[in-house]
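In: what shape does this take:
(one chain, ligands or ions: 1)
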Amino acid sequence: MTENKTFELSNGRGGGSQLPVRSGTMGPAAIDIAGLHKDLEVFTYDPGFGATAATESRITYIDGDAGVLLYRGYPIEQLAQKSSFMEVAYLLLLGELPSQKQLEEFSGNIRYHTMINESLLRFFNAFNHNAHPMAMVSGVVASMAAFYHETMDIHNPRHREIFSHRIIAKIPTIAAAAHKHSLGQPFIYPLNKLGYAENVLNMLFAVPCEEYQVDPIAAKALDLLFVLHADHEQNASTSTVRLAGSTGANPYAAISAGVSALWGPAHGGANEAVLAMLEQIGTVENIPQYLAMAKDKSSHFRLMGFGHRVYKNFDPRATIIREMCHKVLAQLGRSDNPLLELALRLEEIALKDEYFIARKLYPNVDFYSGVIYSAIGIPRSMFTVMFAIARTVGWVAHWQEMISDPAMRIGRPRQLYTGATKREYIQVDMR
Ligand code: SDX
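Out: Alright, predicted model coming up:
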């Protein structure tokens, strides 16, 4: 980051402030407002942080108007086509594409941490069988702090590295255990001979009483979905991980907070909500009435999987997933997927509608992903858990970037107070 000019601000009463302007390598410059309160006794006001850079970061770059997404400078389209989730995980965590040897070593480190403590597995028996898997995953991830405290010195780089491998390796095992618990089926242990996405599918769908062969098409589709969901700059769940981590809380607690934030339907929970919405709409004939509801402020209905805080153009991930749908469904022999047909028609109609055009509402990453998850047999309740598996890499990369920054400070936003002014206490018999 370079500081190359200043931004003059005056309060109109003779007071002023010289605010440094900091430029990055790409994207908008940022006015450093740290001195504003000291000089002019004012705060900036930006609910939802739509125009606030909370940090400097070198991990992911998004240009929302151009529909650009880069992981450490590499376009998501190229990574989707040529890379793998393990390679993208290495890139996001360490900043460069690995050599073959580095990739094998990294993948090996992940592979050898996939099992979880047997006591952690017993936690699942305490959950109701119909508990939402995200509730189980966030609870068990937080509980990891009770098992791995000997490597939780956040200022020790080796501890941070072990944490990174452990959580990336174990989140699929925890996710699959949540699914098996909800089915009342025995847990399936990870198999070190399988790749990352293959292991997820095997732990989700294998049963002890018969051989299970992971479908390579499904494994490749899931690996690509993991690549596309791995990171996305300072989104709500990543910002949650950063804020929780900034207090010095153990990293498992920070990741668990990220899982909880991702669960919301305005964020990662949207993929599950899209499928529910498509099933609710049911037929193409019903689309106009649901679009009308989406435009009617008095109805709380929103077109799930549409719109984005940053993308005011196509979400590049949605474009890739939409193309992937056709290919994967054809390979799986499910081309005549009614949900996909409905989703495509809904997109086509919505994108011609003035309301959506005026607000630059396009399909986002969650609009089509559920069609593929469903096609490879993953139940709707597990869609956001799949998102969490992938996003754990981004959360860890951002946590590492923050914790290893010597200038890191606890996050503590301020407010515009509009409540009661100071007043005296009134005895209850006088009220
Ligand atoms: C993810 O941040 C990230 O990077 C997130 C993510 C990641 O990878 O981490 O990309 C993943 O969370 C994708 C988003 C998934 N969520 C959804 O699909 C839920 C549906 N979408 C919305 O709720 C909404 O679009 C948000 C939450 C995604 C964005 O909300 P904003 O930026 O606060 O936008 P807004 O609510 O201010 O909307 C602006 C206008 C409003 O209308 P007006 O008040 O101007 O008349 O657009 C309307 C909104 O009512 N609008 C929608 C809409 N989304 C916005 N109207 C109908 N349907 C929608 N989906």
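In: grab the nearest non-local neighbour of residue 190.
Out: The spatially closest residue to residue 190, leaving aside those adjacent along the chain, is residue 114, at 3.6 Å (Cβ to Cβ, 6 or more residues apart in numbering). To be clear about C-beta, it is placed using only N, CA and C from the backbone, and glycine gets the same treatment.
In: my bad, residue 257
Out: Here the nearest residue to residue 257 in space, its sequence neighbours aside, is residue 244; by Cβ to Cβ, 6+ apart that works out to 4.2 Å.
In: contacts only, for that neighbour.
Out: Under the criterion of Cβ atoms under 8 Å, 6 or more residues apart in numbering, the contact list for residue 244 reads 253, 254, 257, 258.
In: what is the burial count for the residue of the stretch 1-150 of the chain at minimum distance from the ligand?
Out: For the stretch 1-150 of the chain, the residue positioned closest to the ligand under Cβ to the nearest ligand atom is residue 48, at a distance of 5.9 Å. Using other Cβ atoms under 10 Å, residue 48 is surrounded by 8 other residues.
In: list the contacts for it?
Out: Residues residue 309 are the ones in contact with residue 48 under the rule Cβ under 8 Å, 6+ apart.
In: next, it: phi, psi?
Out: With angles defined as degrees, to the nearest 10, residue 48 shows backbone torsions of phi 80, psi 0.
In: that one and residue 120, how far apart?
Out: Residue 48 sits 36 Å away from residue 120, going by Cβ to Cβ, to the nearest Å.
In: same check on residue 427?
Out: To residue 120, residue 427 is 53 Å away according to Cβ to Cβ.
In: so between those two, which is more surrounded?
Out: Neighbour totals were compared for residue 427 and residue 120, and residue 120 leads with 19 against 6 (other Cβ under 10 Å).
In: buried set for the helix or strand that contains that one?
Out: In this assignment (DSSP states H and E), residue 120 forms part of helix 118-123. When neighbours are counted by 16 or more other Cβ atoms under 10 Å, the buried residues of helix 118-123 are found to be 120, 121, 123.
In: how about those residues in JSON lines, adding pLDDT and distance to residue 229?
Out: Compiled in JSON lines, these are given as follows (pLDDT from 0 to 100; distance: Cβ to Cβ, whole Å):
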{"residue": "120", "pLDDT": "95", "distance to residue 229": "24"}
{"residue": "121", "pLDDT": "95", "distance to residue 229": "26"}
{"residue": "123", "pLDDT": "95", "distance to residue 229": "26"}
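In: kindly indicate which of those residues lies nearest residue 230.
Out: Closest to residue 230 out of those is residue 120 (24.4 Å), distances taken as Cβ to Cβ.
In: quick one, what contacts the closest one?
Out: Applying Cβ under 8 Å, 6+ apart as the definition, the contact partners of residue 120 turn out to be 140, 143, 144, 147, 174.
In: report the two of those separated the most.
Out: 147 and 174 (11.9 Å).
In: who has more neighbours out of those two?
Out: residue 174 (28 against 13).
In: spatially nearest residue to that one (excluding sequence neighbours)?
Out: Distance criterion Cβ to Cβ, 6+ apart; nearest residue to residue 174, sequence neighbours excluded, is residue 140 at 5.0 Å.
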